[in-house]
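>>> Give the three-dimensional model of this entry:
(one chain, ligands or ions: 1)
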Amino acid sequence: MAFGFFKKKIQDVLPGKVTTDREELFCYGFDASSTDGAPSAVVRPENAEEVSEVAAFAFENNVPIVPRGAGTGMTGGAVPLKDAAILSFEGMNRIIDIDAENMIAVVEPGVINSHLQEKLEDRNLFYPPDPASMKFCTLGGNVAENAGGPRAIKYGVTKDYVLGLEAVLPDGRILTTGGPTYKGVVGYDLTRLLVGSEGTLGIITKIFLKVVPVPEETVTLLCTFSKLEDAARGITKIISSSIIPRTLEFMDNESIRAVENYKAFGLPVHEEALLLIEVDGSRAAVNEEAEKIVAICSDFHGTVSVAGDIYSKQSIWEARRSISPALYHIKPNKINEDIVVPRGKIPEMLAVLRDIAEKKDLTIANFGHAGDGNIHVNIMTDKNDEEEYGRAKDSVKDIFEATLKLGGTISGEHGIGLTKKQYVGMELSDTSIEIMKNIKDVFDPKGILNPGKMFPPD
Ligand SMILES: Cc1cc2nc3c(=O)[nH]c(=O)nc-3n(C[C@H](O)[C@H](O)[C@H](O)COP(=O)(O)OP(=O)(O)OC[C@H]3O[C@@H](n4cnc5c(N)ncnc54)[C@H](O)[C@@H]3O)c2cc1C
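Numbers count the residues shown, from 1 in each chain. Okay, the predicted model is just below:
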């Protein structure tokens, strides 16, 4: 089917909600990965029925469609392949309900994560998943990627808060899974199947979320270490000491310096590592846990300051959330991986990463959600330097091999999308991939929904 025909006819299906202007299309061709594509149309539906009409029309005419939130994905999930129409959810950004009595929020997919957080704060509630991109990513994108964030160590990730979904299938049928109850075991758990499916099974149009009360007290600690090994061993000790911190974030020296060069927060640029640790709960429990953490960090030669003494809580978190953009001051391009190892293996993994950087003569900046064993590995490079870029790409396989050898996984939260699909076979067996392909066929027999993503190339 000619895409030109689709473009002309889709204007009739959703008049005034389709654009084919070159300049506008350009803005929908990339995400936060280093990949890009060229969509042929952008459609902005305003409700599930309109999504359904577009999907049914695309299905009938064999036109690929790609759901897109804010385009902050790190793996090219929202990047269109040739002749695809983008389904953008800017017009579906309503918070439908905050039910404080039942501790549930119902939202459309285009709601920005932090907008929900702000509305919940007014009611002394919060939604725990807090990706560092929370000020601009959408909840639809968070569900599709099963996003995590610093608070995951204590509160879990997106899948732990999605009670139900409404999703449009590629042929236009509207599917509802779960709903506004905290429990439900009737049939297969299709909610869990859709969460993390990266826009390849269904188009999410409504989300039922669990929310929780704001804890009485939160204490924020900044611990710095002159030796990376001490920080790594400190992490292992904290998580094996019956304390569950609310966050346990890690930055290595490359990340600290990049952030400080980006904006002067006053971070200690000569230290090899920094831990950003929060504990929350009742006032008494928090003080006790904070004291234990200070003692552990001191045992490993760390220097601890409490937010408020030198740094404000807000500036510490702003510094943490600035790492990704700040790294581009080291080199114009980065290959960004988000490996996870069993938490006790963090010291070993950090040592391996240091070895790989040395052997391949590359700058690798590491930071991340250390409390989950989730390390964001950023191989800094310049695509114009072909030789260096080649070395950078080669090192990815070495990093994944080492990760898997330690019992880890190649992605903790950024998903597979386009950039990691060639490595999926390193982790998943042929049987797993075959079953996943069969599931994809059931949802999307014509393969029109976000094609070319997640599965290794044949
Ligand atoms: C600076 C920075 C920091 C980040 N920090 C974190 C972090 O701490 N934790 C973390 O997990 N991630 C993080 N990310 C990655 C990214 O923000 C998350 O993956 C986020 O969930 C993507 O949301 P989005 O709205 O931008 O989705 P997009 O990038 O637009 O899309 C992502 C995927 O979701 C699909 N999708 C989007 N909307 C829908 C829908 N309604 N229905 C079906 N599929 C849909 C798309 O097809 C695509 O496959 C970070 C990114 C940046 C740039």
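>>> pLDDT (mean, whole number) over stretch 401-414?
Stretch 401-414 shows a mean pLDDT of 98 in the predicted model.
>>> close to the ligand, is that stretch?
Yes: applying CB under 6 Å from any ligand atom, one finds stretch 401-414 touching the ligand at 413, 414. (Each C-beta comes from the backbone N, C-alpha and C, glycine too.)
>>> CA atoms only for that stretch, dumped as PDB, please.
C-alpha atoms of stretch 401-414 as PDB (Å, rounded to 0.1, in the frame of the first residue of the first chain):
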ATOM      1  CA  GLU A 401      30.000 -10.600  28.400                       C
ATOM      2  CA  ALA A 402      31.500  -9.600  31.800                       C
ATOM      3  CA  THR A 403      28.000  -8.600  33.100                       C
ATOM      4  CA  LEU A 404      26.400 -11.900  32.100                       C
ATOM      5  CA  LYS A 405      29.400 -13.800  33.600                       C
ATOM      6  CA  LEU A 406      28.700 -12.200  36.900                       C
ATOM      7  CA  GLY A 407      25.000 -13.300  36.700                       C
ATOM      8  CA  GLY A 408      23.700  -9.900  35.500                       C
ATOM      9  CA  THR A 409      21.500  -8.600  32.700                       C
ATOM     10  CA  ILE A 410      22.300  -6.300  29.800                       C
ATOM     11  CA  SER A 411      19.500  -3.800  30.600                       C
ATOM     12  CA  GLY A 412      17.900  -2.800  33.900                       C
ATOM     13  CA  GLU A 413      15.500  -0.100  32.700                       C
ATOM     14  CA  HIS A 414      16.300   1.400  29.300                       C
END
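>>> contact partners of it?
Residues from elsewhere that reach stretch 401-414 (CB atoms under 8 Å, 6 or more residues apart in numbering): 73-75, 131, 145-148, 157, 336-342, 345, 348-349, 352, 356, 369, 372-374, 400, 420, 423-424, 426-427.
>>> Just the buried ones out of those, please.
Buried positions within the contacts of stretch 401-414, assessed by neighbour count (16 or more other CB atoms under 10 Å), are 73-75, 131, 145-148, 157, 336-341, 345, 349, 352, 356, 369, 372-374, 400, 420, 423-424, 427.
>>> which among those residues are in contact with the ligand?
Subset of the buried ones among the contacts of stretch 401-414 in contact with the ligand: 73, 74, 131, 145, 147, 148, counting by CB under 6 Å from any ligand atom.
>>> What residues of stretch 175-195 count as buried?
Of the residues in stretch 175-195, those buried under the neighbour-count criterion (16+ other CB under 10 Å) are 175, 177, 178, 180, 190, 191, 194, 195.
>>> quick one: residue 217 and residue 78, what's the gap?
Per CB to CB, to the nearest Å, residue 217 is found 38 Å from residue 78.
>>> next one: residue 19
As for residue 19, its distance to residue 78 is 16 Å (criterion: CB to CB).
>>> same question, residue 379
Residue 379 sits 22 Å away from residue 78, going by CB to CB.
>>> More neighbours: those two, which one.
Neighbour totals were compared for residue 379 and residue 78, and residue 78 leads with 34 against 27 (other CB atoms under 10 Å).
>>> could you give the mean pLDDT of stretch 129-139?
Across stretch 129-139, pLDDT averages out at 96.
>>> can you give me the end-to-end distance of that stretch?
Using CA to CA, to the nearest Å, the gap from the first to the last residue of stretch 129-139 comes to 10 Å.
>>> and it, which residues are buried?
Of the residues in stretch 129-139, those buried by neighbour count under the rule 16+ other CB under 10 Å are 129, 130, 131, 132, 133, 134, 137, 138, 139.
>>> what's near enough to touch the last one?
For residue 139, the contacting residues are 107, 109, 111, 112, 113, 116, 207, 209, taking CB under 8 Å, 6+ apart as the criterion.
>>> Return only those of those residues found close to the ligand.
The residues of these that also fall near the ligand, by CB under 6 Å from any ligand atom, are residue 109.
>>> thought residue 304 was touching residue 297?
Yes: taking contact to mean CB atoms under 8 Å, the distance of 5.1 Å between residue 304 and residue 297 places them in contact.
>>> Pick out whichever of these two has more residues nearby.
In terms of neighbours (other CB under 10 Å), residue 297 is the more surrounded of residue 304 and residue 297; the figures are 25 against 18.
>>> To which secondary structure element is that one assigned?
Residue 297 is part of helix 283-299, with elements assigned from DSSP states H and E.
>>> Report all helices and strands that that helix contacts.
Using 3 or more CB pairs under 8 Å, 6 or more residues apart in numbering; DSSP states H and E as the contact criterion, the secondary-structure elements in contact with helix 283-299 are strand 217-225, helix 228-239, strand 273-281, strand 303-306.
>>> With the ligand as the reference, name the closest of these.
Nearest to the ligand, of all the helices and strands packed on helix 283-299, is strand 273-281, at 12.8 Å by CB to the nearest ligand atom.
>>> Name the strands paired with the closest one and say parallel or antiparallel.
Each strand that pairs with strand 273-281, with its direction, by DSSP bridges: strand 217-225 (antiparallel), strand 247-252 (antiparallel).
>>> near the ligand, which residues of the stretch 151-300 of the chain show up?
When proximity is defined by CB under 6 Å from any ligand atom, the stretch 151-300 of the chain lies next to the ligand at 198, 199, 203, 204.
>>> Among the residues you listed, name the ones in strands.
Judged by DSSP state E, those include 203, 204 as members of strands.
>>> Now flag whichever of the residues of the stretch 151-300 of the chain next to the ligand is closest to the ligand.
Taking those together and measuring to the ligand by CB to the nearest ligand atom, the closest member is residue 199, at 2.6 Å.
>>> any idea how far that closest one is from residue 67?
Look at residue 199 and residue 67: by CB to CB, they are 4 Å apart.
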